[in-house]
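1. Below is the structure, and that's it, no one-letter string:
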């Protein structure tokens with residue numbers, strides 16, 4: 001969930017999220033569904049409840065055994081890994097150093 005929050009912090013709100021069917025993504029979707037169910041079951045102020053429902057994120061998964069459908073983002077990951085290897089090499093970075101390097105490569 002922390003990675004998802006960082007993603008939203010950088011990219012802003014999204015209406016549809018596409019990803020492969022990895023267990024970590026399915027787990028995140030399940031956590032989001034639990035949160036949505038909790039929020040929908042509580043007696044929130046009408047205006048707050050409507051706004052939360054309006055901004056609900058739809059998460060679409062690629063069909064099983066169809067990794068070719070995510071080829072565009074998979075190629076981007078390959079490019080990022082290539083640049084990381086060139087810039088960082090075999091260095092061990094702290095979280096802050098790694099985050100800075102990734103942002104600079106963006």
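-> Sure thing, it's come through. Note that the structure is predicted; figures quoted are calculated from it, not measured.
2. And the helices in this structure?
-> For the chain, the helices defined by DSSP state H cover 2-11, 23-41, 46-54, 71-88, 95-105.
3. Could you list the residues in contact with stretch 65-84?
-> 18, 19, 20, 62, 63, 101, 102, 105 (C-beta atoms under 8 Å, 6 or more residues apart in numbering). (C-beta placed from N, C-alpha, C; glycine too.)
4. Equivalent analysis for stretch 85-102, please.
-> Taking C-beta under 8 Å, 6+ apart as the rule, stretch 85-102 contacts 80, 84, 105.
5. returning to that earlier point: out of the contacts of stretch 65-84, flag the one nearest to residue 38.
-> Closest approach to residue 38 among these (C-beta to C-beta): residue 19, at 22.8 Å.
6. Bridge partners for the closest one, pull those for me.
-> Under DSSP bridges, the beta-bridge partners of residue 19 are residue 61.
7. how does the protein divide into domains?
-> In terms of domains, the chain is parsed into 1-61, 66-106 (source: automatic domain parsing).
8. Least confident of the ones you listed, on average?
-> The minimum mean pLDDT among those belongs to domain 1-61 (a mean of 74).
9. Can you give me the neighbour number for residue 105?
-> A total of 13 residues lie near residue 105 under the criterion other C-beta atoms under 10 Å.
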